[in-house]
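> Just to be clear, the model below is a prediction. Sequence and coordinates:
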Amino acid sequence: MKKVYLFSDGSSLGNPGPGGYCAILRYKDKEKVIRGGQKHVTNNQMELKAVIEGLKALKEPCEVEIYSDSNYVVKAINEWLNGWVKKDFKNVKNVDLWKEYLKVSKNHKIKAIWVRGHSGHRENEICDKIAKEEAMRFKE
């Protein structure tokens, strides 16, 4: 199984408001940037969308280390998700996105790692900048 690194960030101007996301996929010395946004979303939705779109770009099952500054995303992936599934997502927000995450992640071995935002982590800073640019595109 190939080992892939997925760096991600999301942004929302207003929360909810115009939002953007960015994921950087790295395999060995190759990198791919995935970006996008939506008109009316929350920060958490964009944080999760970045991870989903990054995973969608993988063409085969991989071992994936996800790096995110979102406690929500990291804790959900590592700790909460199994419980949410067992209780059929009762009282859980963003159910559609979590179900999409489950679908796109099922063939991969995933570990999520939290990084402090705005602390000089190279890839997180790049993702943050691109996510904000994408959110600005939807502000108009």
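The structure has been received and is ready for your questions.
> Which residues are in contact with the residue nearest to N71 when sequence neighbours are not counted?
Nearest residue to N71, sequence neighbours excluded (CB to CB, 6 or more residues apart in numbering): W114, at 6.2 Å. C-beta coordinates here come from the backbone N, C-alpha and C atoms, glycine included. Going by CB atoms under 8 Å, 6 or more residues apart in numbering, W114 touches 68-71, 74.
> Closest to the centroid, which residue in the protein?
Closest residue to the average C-alpha location of the chain: V51 at 2.6 Å, with CA atoms, centre = their mean.
> That one and K139, how far apart?
V51 sits 23 Å away from K139, taking CB to CB, to the nearest Å as the criterion.
> ok so, going back, for the residue nearest to N71, report the pLDDT, please.
If you check W114, the pLDDT there is 98.
> now the helix of greatest length in the chain: mean pLDDT?
Using DSSP state H to define each element, the chain has its longest helix at helix 122-137. Averaging pLDDT along helix 122-137 yields 97.
> what's the answer for stretch 26-35, then?
Rounded mean pLDDT across stretch 26-35 is 98.
> related to what we said a few turns ago, any residues touching the longest helix of the chain, and which ones?
With contact meaning CB under 8 Å, 6+ apart, helix 122-137 is reached by 7-13, 17-24, 26, 33, 35-37, 46, 50, 67, 69, 115, 117-118.
> which of the residues in it are buried?
Residues of helix 122-137 classed as buried by neighbour count (16 or more other CB atoms under 10 Å): 123-128, 130-132, 134-135.
> Output the residues you listed in CSV, with distance to N91 appended to each entry.
Compiled in CSV, these are given as follows (distance: CB to CB, whole Å):
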residue, distance to N91
E123, 33
N124, 30
E125, 34
I126, 35
C127, 30
D128, 30
I130, 33
A131, 28
K132, 31
E134, 30
A135, 28
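> The nearest residue to R35 once chain neighbours are set aside - how many residues pack around it?
Excluding its sequence neighbours, the residue lying closest to R35 (CB to CB, 6+ apart) is C22, at 4.8 Å. C22: 30 surrounding residues under other CB atoms under 10 Å.
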